[in-house]
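[1] coordinates only, sequence not included:
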């Protein structure tokens, strides 16, 4: 009787492990775009990803780089202060999109130009994720949005 219970327990554990692996495989197969990496312009400039890799790039729209083409075509550069990456996009832009504004673009790097399939702009000038605020507070450089920066 004890051997039967032990065998049944092992079968249940193996079945649960197989079900977990199958569910992860189904998720990975069904949603490959959900597993996109985020990179800064400096990271892209230092080590360019392959032309088949879809990823997100984020930073500020570089001042003076915004050029509207015919129709919905637009080109601009994304910068993080260390590097600048040219971006090409065709489509409707968010209302808050503009120069010196935060942007996150999804797409692929092809021949040195990031070809975006989606553009996201931050929703207001004071928004900052909680994780970023916590990290800045730990470093002692966080400034409340309505406060004046501290100078020496």
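    Structure received. Since the model is a prediction, treat every value here as computed from it, not as a measurement. Residues are numbered from 1 along each chain as shown.

[2] nearest spatial neighbour of residue 92, skipping sequence neighbours?
    Nearest residue to residue 92, sequence neighbours excluded (Cβ to Cβ, 6 or more residues apart in numbering): residue 72, at 6.5 Å. To be clear about C-beta, it is placed using only N, CA and C from the backbone, and glycine gets the same treatment.

[3] repeat for residue 106
    Counting by Cβ to Cβ, 6+ apart, the residue nearest residue 106 is residue 118, at 4.2 Å.

[4] checking that neighbour next. Helix, strand or coil?
    strand (DSSP: H, G, I helix; E, B strand; the rest coil).

[5] switch to numbering from 27
    All set: I'll call the first residue 27, so the last point we hit is now residue 144.

[6] pull the contacting residues for it.
    Going by Cβ atoms under 8 Å, 6 or more residues apart in numbering, residue 144 touches 131, 132, 133.

[7] if I look at it, how far off is residue 32?
    The spacing between residue 144 and residue 32, counted by Cβ to Cβ, to the nearest Å, is 53 Å.

[8] ditto for residue 67
    According to Cβ to Cβ, residue 67 and residue 32 sit 58 Å apart.

[9] what of residue 113?
    From residue 113 to residue 32 the distance is 60 Å (Cβ to Cβ).

[10] who has more neighbours out of these two?
    residue 113 (25 against 10; other Cβ atoms under 10 Å).
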